[in-house]
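**Student:** Quick one, what's the 3D model for this:
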Amino acid sequence: MKNIFALAVLTLLSSISVAQDVRYNFDKNSDFSKFKTYKWVPIKDAAKVSDLVDKQIKDAIDAELTTKGLSKVEGDDANLYVGYQASVGEEKQFNSYSTGWGYGPGWGGGWYGGGMGSTTTTGSTSTIYKGQLALDMYDSAGHDLVWRGLASKTLDPKAKPEKQQKNLAKSVKKLLKNYPPPAKE
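**Tutor:** Numbering: from 1, shown residues only. Next up, the predicted model:
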């Protein structure tokens, strides 16, 4: 089960499409220009992913935070504490298809009348996996949450590892697009 969860979390960001939803929020009173360094911290009670998935997610976030001017440090002198949470949920999808002719004017019923034809309806269900990745940033001085981003997406469990990694980077870029937020005026 842990391997399925790890695979699902990684494929959370395995393909970018219109279906991906990205949201963020931030503390409007925080001065984001003072944040220059960050340190990874665990989120209390967050579901654990495999070591491989953890490394891949952190590497993608590290790369994007570097482009934002932040440097990762290991000591306690970091300006920001950064952590993430990942989750996967299931939804059932029902698809139905109708074939043939049904009630209505035209064929079989004459000029004014409605005809009766034959129709067949076929249905199927499938499981859709929906994943979320939440990224939290805390001011290390007061341990206050200053920024939170959330990406949610329908998962593709059949994506190849190379595609997963490539698209993970694209997804994290989209997740951090609005970091840092605009300076207060």
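**Student:** Could you report the separation of the nearest residue to residue 34 once chain neighbours are set aside from residue 98?
**Tutor:** Leaving aside its chain neighbours, residue 34 sits nearest to residue 79 (6.4 Å; criterion: C-beta to C-beta, 6 or more residues apart in numbering). The way it works is simple: take the backbone N, C-alpha and C, and place the C-beta from them, glycine included. As judged by C-beta to C-beta, to the nearest Å, residue 79 and residue 98 stand 60 Å apart.
**Student:** Name the residue in these two with the higher neighbour count.
**Tutor:** Each of residue 79 and residue 98 has its neighbours counted (other C-beta atoms under 10 Å); residue 79 has more, 18 against 11.
**Student:** Next up, the contacts around the more buried one.
**Tutor:** 34-38, 139-140 (C-beta atoms under 8 Å, 6 or more residues apart in numbering).
**Student:** Give me the buried subset of the residues you listed.
**Tutor:** With neighbours counted by 16 or more other C-beta atoms under 10 Å, the contacts of residue 79 contain buried members at 35, 38, 139-140.
**Student:** List just the nearest of these to residue 124.
**Tutor:** Nearest to residue 124 among the buried ones among the contacts of residue 79: residue 38, at 46.6 Å, using C-beta to C-beta.
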